[in-house]
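Peer 1: predicted coordinates and the sequence they were generated for:
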Amino acid sequence: MIKLCGKSVRVYIDYANVRPWSNKLGWHIDIMRLKQFLDSFQVIEAVNFYNGYLEGDKKSERDIKDIENQRYIVRTKPVKVMKFSIDVSSILPNSTTIIDQFIKRSLLRKFDNETIRFLNKKFKDMNKKGKYYIEDRKCNFDVEIGVDMLLDNEKTKTDTFILWSGDSDFADPAKKLIKAGKKVIIFGTSGKISRELSELRKSGLIIFEVNKIKEFICWNKELKSKRDFK
């Protein structure tokens, strides 16, 4: 299964990054079972859980409370809700003013006028249905997690850092920890680990596939038979 070496281990879970893994894995991570699994390792001293909440949304706020009840060390902040206009009533059919918000300029330059007109027509169809903007949510904890890992390295005797995330932004703190003689383990799944992190395996970074511990951390209802474990 998995063997954790070292006298002191700390875990950092970037839940906004972890939650979408279910699309790739085909199963969901149960927060309660995950904590029970991590608690089975006596060397783990702390499990930090990073996740945002929607202000005024009772369910979202209750979810954070439920996570705290599982005895995670929770770091949270309000999710930013951003509105992007899709109102094309005052732009020309071949204008990229609205499309610029959603497509990188390097790709947009590859589009011909016909494609631009087609996309603007789709926006116009949405306008006719009374939709003039779309919402996007953002709540990034990359900075907080990176800082916490580096501070814990300075203030504690932690020798092993486990990060649940495949985000490229963690390559720098991981590199610094490895250089400091610490063991860094990334828990993730294939296709969800950034190239920057993958390249650090040459320096000693370990990548662990979460599919290997499915039977311990997934929703109970998704454990259909023992065949799933083989």
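Peer 2: Sure thing, it's come through.

Peer 1: what ranges does this structure have for its strands?
Peer 2: Remark: strands assigned in the chain by DSSP state E are 9-14, 44-50, 73-75, 80-85, 133-138, 160-164, 183-188, 206-209.

Peer 1: quick check: angle from the fourth one to strand 133-138?
Peer 2: Taking axes from the mean of the first three to the mean of the last three C-alpha atoms, to 10 degrees, one finds strand 80-85 and strand 133-138 inclined to each other by 150 degrees.

Peer 1: that older thread, Asn120 is nearest to which of the strands of the chain?
Peer 2: In terms of C-beta to C-beta, the element of the strands of the chain nearest to Asn120 is strand 80-85, at 12.8 Å. (Each C-beta comes from the backbone N, C-alpha and C, glycine too.)

Peer 1: now do the closest one: everything it contacts.
Peer 2: Strand 80-85 is contacted by residues 54, 98, 101-102, 132-139 when judged by C-beta atoms under 8 Å, 6 or more residues apart in numbering.

Peer 1: average pLDDT for that strand, rounded please.
Peer 2: The average pLDDT within strand 80-85 is 92.

Peer 1: touching, Asp172 and Gly146? I think so.
Peer 2: Yes: using C-beta atoms under 8 Å, Asp172 makes contact with Gly146 at a distance of 7.1 Å.

Peer 1: what about the two, which has more around it?
Peer 2: Ranked by neighbour count (other C-beta atoms under 10 Å), Asp172 and Gly146 place Gly146 first, with 20 against 12.

Peer 1: skipping adjacent residues, who's closest to the more buried one in space?
Peer 2: Residue nearest to Gly146 in three dimensions, not counting chain neighbours: Pro173, with 4.1 Å by C-beta to C-beta, 6 or more residues apart in numbering.

Peer 1: how's this protein carved up into domains?
Peer 2: The chain breaks down into these domains under automatic domain parsing: 9-79+140-229, 80-138.

Peer 1: hey, which of these is tucked in deepest?
Peer 2: Burial of the domains of the chain is given as mean neighbour count (mean count of other C-beta atoms under 10 Å); domain 9-79+140-229 ranks first at a mean of 16.

Peer 1: still on that earlier bit, so who does the residue nearest to Gly146 touch?
Peer 2: By C-beta under 8 Å, 6+ apart, the residues touching Pro173 are 145-146, 149-150.
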